[in-house]
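A.B. asks: any chance you could fold what I've pasted below:
(4 chains)
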Protein chains: 2
Amino acid sequence: MSDRTPTIHDVAARCGVNASTVSRAFTRPERVSPTTRDRILATAAEMGYRPNAIARALPSGRTRTLGLLVPDITNPFFLDLIRGAERAATAAGYTLVLADTEETSQQETTVVERLTGAVDGFVLASSRASDERLREIHAKTRVVVVNRRVRPLPGVLIDSAHGTRQAAEHLASLGHRRIAYLAGPRASWSDARRWRTLQAVARHRDLEVVRIGPLAPTVDAGMAAADSAVLDDVTAVVTFNDLLAIGVLRRLRDRGIDVPGQISVVGCDDIFGADFCHPSLTTLAAPIESAGRSAVDLLLGLLASDRPRPGDAQGAEGGEGAEGAGAGEDVVLPTRLTIRESTGPAPGRARGRSPRQRAATDRRTARAVGATG
Amino acid sequence: MSDRTPTIHDVAARCGVNASTVSRAFTRPERVSPTTRDRILATAAEMGYRPNAIARALPSGRTRTLGLLVPDITNPFFLDLIRGAERAATAAGYTLVLADTEETSQQETTVVERLTGAVDGFVLASSRASDERLREIHAKTRVVVVNRRVRPLPGVLIDSAHGTRQAAEHLASLGHRRIAYLAGPRASWSDARRWRTLQAVARHRDLEVVRIGPLAPTVDAGMAAADSAVLDDVTAVVTFNDLLAIGVLRRLRDRGIDVPGQISVVGCDDIFGADFCHPSLTTLAAPIESAGRSAVDLLLGLLASDRPRPGDAQGAEGGEGAEGAGAGEDVVLPTRLTIRESTGPAPGRARGRSPRQRAATDRRTARAVGATG
DNA sequence: TTGAAAGCGCTAACAC
DNA sequence: GTGTTAGCGCTTTCAA
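C.D. replies: Numbers count the residues shown, from 1 in each chain, chains lettered A, B, ... in the order given. Next comes the predicted model:
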């Protein structure tokens, strides 16, 4: 009799009130007289009553749960993203459901369908789905995309265009003339952006860029692609992400090719490990955790504006989350080039470099020559 | 009218059957005549009907959701664990809820209470809660612990005792006489185990071990602790985990202390990065992803044995999961020492080493001398 | 301010 | 094999 976990009715009975009053005492405390409320809350605590999230979700349709879909949990990039999202969700009293879509649009669809109704909304990170598919999802549920710009979906973008430009100019200024771009997954929006930016800078700065890929964004793929880069006779490699860069580093080391003496390498994201690999990686540092946090905050903002509860401006119990969100604006996060040891002057004879470029090179000459010699 | 997402009733109406028949067509297809079943399934598909997970969970009490609690998402160790758990859960058609307990027993309790009822069971990874607390949880819900042995809770253990012994003997055989152990969090069960093992081997092999810690299992803590180790005049450092080891590596490098020439370093876990840091890390490779998978499978086994549905041996629709699980046995996973570049012969004059040890040292003499020079 | 009552969408006896 | 009928625990009108 008193063994089952107590429900709202048990508390009500003990307090001599109706179940609905108990419910109110929790969800709309201001609508219950202080006396009754205190009594109810005290009794509930004493009985060890805990609201049943499922039962609560059924009539309200709100689960206080968010779904986070990533293409590959394996990838440390998403570790940071997950971390940010989890923190933001927890801070707002939300629960986070995590799912791996294994880099396929199909799995993404499946998971979204399975979770729709069980979560209040989705964060789709680096979605591999088509714009059209994303719009369909958007029509059915609340969703925020990360690393995608799909009108009219709200999104969190990491501004890799600017960073990529910085990276390319960094290399150009070091005297590199011919660089390789190791491309990411075919369906990656940021990959397309990055490649386009690189081409633009190339035209402007008179660089040659060769594209290698599409590649799985993994260390192994980077190792394989390193050989292609060598074959293509480039002096610098820019990669879609740090995993590829780390693979390149490893392969070049195995082959006895000096970095940055013979080839410079630029990664992207500044994931865990980028600072302690060898040589440490010059990379486009992305505020990944912020991206995760922003995405959740944005989503929370959407949800809040969804049902503006008449009577109170803020949501009830502990509802933090985003503020001023819910607008149609994308959140754009800055990226910055972090220069470490994996980039240096282009090797060999100075062919057509400006005095300024030559000077830049000379500063590091000792190392470069020693290594290349 | 036909705008709302269709429910079981809508399908029933269209098929001219009762709602319960539709329900059955999905949950117990064999209890419905093939004709009706096909008709129902077809209509449902056509109408785009999707069972509502929440509504389904209310009466049945089963959410097909599992909770995974980790002390720190930031730690790549848990990345691997999460990955394994997520895969196992997905494979069994379960959804995974992820929560970070921020290394505190308190948060762990809070999260468990919040999630109880919303998940079918928990995987508690490297729990920082007391044995007693864990038993309380066990009394209320299904739970599997990882990296803890708390009778009678089912658990997945990574056998670090054996690995630690291997590591200590590896160092002893290289001529190290005095080593430091960088301890993990105070509440860590595996830390206690590891330290005890180390002491035992020390007695047996006539080594001195000094304990530094407890330490937060992070790179930063490792950097700070490296200084203590140097002060303690040890020739080798064994760390609670790879993060600490990577911190040590970094700090020693900053201080110009050669690894392994002057100090050898052994990590634990073989996380992402252990193979490409510099020097690459000798470490106790732990099958972390397997641990995550096993934990979920074990939990699934428990759940399955919970409600043996009369009539069918296996669970319905796609229920995979563990088999033969649910027994009282812990799953014990092996560990193995992976030797890389961060360990080498003890520096300096051979004091009281056996011929065998001396020989082991000599093989690497050139490097050691050059480095120590 | 509080109570009564009607669900939320689905499951699971139990009856036919 | 299929329909009836209670709920699951909570929210939410609507009255009182």
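A.B. asks: what residues does chain A have near DNA strand D?
C.D. replies: A:4, A:7-9, A:19-20, A:23-24, A:26-27, A:49, A:51-52, A:55-56, A:58-60 (CB under 7 Å from any atom of the strand). For glycine as for every other residue, the C-beta is placed from the backbone atoms N, C-alpha and C.
A.B. asks: just the buried ones among those, please.
C.D. replies: Buried by 16 or more other CB atoms under 10 Å in any protein chain shown: A:7-8, A:23-24, A:26, A:49, A:51-52, A:56, out of those.
A.B. asks: now, which of those lie close to DNA strand C?
C.D. replies: Subset of these in contact with DNA strand C: A:Arg24, counting by CB under 7 Å from any atom of the strand.
A.B. asks: could the buried ones among the residues of chain A next to DNA strand D go into JSON lines alongside pLDDT and secondary structure?
C.D. replies: Formatted as JSON lines, those follow (pLDDT from 0 to 100; DSSP: H, G, I helix; E, B strand; the rest coil):
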{"residue": "A:Thr7", "pLDDT": "94", "secondary structure": "coil"}
{"residue": "A:Ile8", "pLDDT": "94", "secondary structure": "helix"}
{"residue": "A:Ser23", "pLDDT": "94", "secondary structure": "helix"}
{"residue": "A:Arg24", "pLDDT": "93", "secondary structure": "helix"}
{"residue": "A:Phe26", "pLDDT": "93", "secondary structure": "helix"}
{"residue": "A:Tyr49", "pLDDT": "92", "secondary structure": "coil"}
{"residue": "A:Pro51", "pLDDT": "91", "secondary structure": "coil"}
{"residue": "A:Asn52", "pLDDT": "93", "secondary structure": "coil"}
{"residue": "A:Arg56", "pLDDT": "93", "secondary structure": "helix"}
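A.B. asks: ok, of the buried ones among the residues of chain A next to DNA strand D, which one's closest to chain B?
C.D. replies: Among those, A:Asn52 lies closest to chain B (CB to the nearest CB), at 5.2 Å.
A.B. asks: for the closest residue to that closest one other than its chain neighbours, grab phi and psi.
C.D. replies: Nearest residue to A:Asn52, sequence neighbours excluded (CB to CB, 6 or more residues apart in numbering or on different chains): B:Gly117, at 5.2 Å. When read as degrees, to the nearest 10, the backbone of B:Gly117 gives phi 100, psi -30.
A.B. asks: cool, and A:His170?
C.D. replies: A:His170 has phi and psi values of phi -60, psi -50 when expressed as degrees, to the nearest 10.
A.B. asks: you'd agree it is up against A:Gly344?
C.D. replies: No: in this structure, A:His170 is not within contact of A:Gly344 by CB atoms under 8 Å, at 10.6 Å.
A.B. asks: more neighbours, the two?
C.D. replies: Taking other CB atoms under 10 Å in any protein chain shown, A:His170 and A:Gly344 do not tie; A:Gly344 has more neighbours (29 against 18).
A.B. asks: in contact with the nearest residue to A:Gly84 once chain neighbours are set aside, which residues?
C.D. replies: Nearest non-adjacent residue to A:Gly84, counting by CB to CB, 6+ apart: A:Gly292, 2.7 Å away. Counting by CB atoms under 8 Å, 6 or more residues apart in numbering or on different chains, A:Gly292 touches A:68, A:80-88, A:123, A:125, A:146.
A.B. asks: so which of these sit within strands?
C.D. replies: Using DSSP state E, A:68, A:123, A:125, A:146 are the members of these that sit in strands.
A.B. asks: and these, which two are furthest apart?
C.D. replies: Pairwise distances across these peak at 9.4 Å for A:Leu68 and A:Val146 (criterion: CB to CB).
A.B. asks: which neighbours do those two have in common?
C.D. replies: A:81, A:123, A:125, A:292.
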